[in-house]
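Participant: What shape does this take:
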Amino acid sequence: MKRYTDLSGTLENGLWGYDVLPGLENIIPPVSIKTLATVEKDEFFASQVSFSTISGTYLEAGSHILENGKTLDQYSVSDFIKPVSIIRLPQQEPKTLITADLLEAKTPLHAGDAVIIDTGWAADGIRRDTCSSVPPCTGALWTGS
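Facilitator: Take a look at the predicted model:
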């Protein structure tokens, strides 16, 4: 029996984002959800939602770090529905560099594999400033586009 898991976090005001990093506060907007109309007052509900493609739970398409990499709109949903390997690393200290060698020591990686890296940094919950101490990955991990 196939099992599907939605990895999305809740989209809400104050959701963590890269806008908290120095130099990005004027480039990456914070997540903002604003009620524009309510059923009680306007007889319908409407809201305005604003966020970047790298806010909260997101996919890093090739274009995230590759000049000519694919953007998300160049993929279909079916490209992301596949078996996945979960690599669970020991709890990582803030800003510990995650390298391909560290990951391959846990699970052999092959071209085309879907991989989730569990660093343990979210064990205590994700806060607004979480990404300022998230363990980074080296560019050597991202070889596809």
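Participant: neighbours around the residue nearest to residue 113 when sequence neighbours are not counted, how many?
Facilitator: The shortest distance from residue 113 to any non-neighbouring residue, by CB to CB, 6 or more residues apart in numbering, is to residue 85 (6.0 Å). Using the backbone N, CA and C atoms, a C-beta is placed for each residue, glycine as well. Here the count is done by other CB atoms under 10 Å, and residue 85 has 15 residues near it.
Participant: hang on, residue 85 packs against residue 117?
Facilitator: No: with contacts defined as CB atoms under 8 Å, residue 85 does not count as touching residue 117, sitting 9.7 Å away.
Participant: And the contacts of stretch 78-93?
Facilitator: For stretch 78-93, the external contacting residues (CB atoms under 8 Å, 6 or more residues apart in numbering) are 4, 59, 98, 102-103, 106-107, 109, 113-121, 123, 135.
Participant: Grab the most central residue of this protein for me.
Facilitator: residue 58 (3.2 Å; CA atoms, centre = their mean).
Participant: does that residue sit in a helix or strand, and which one?
Facilitator: For residue 58, there is no helix or strand it lies in under DSSP states H and E.
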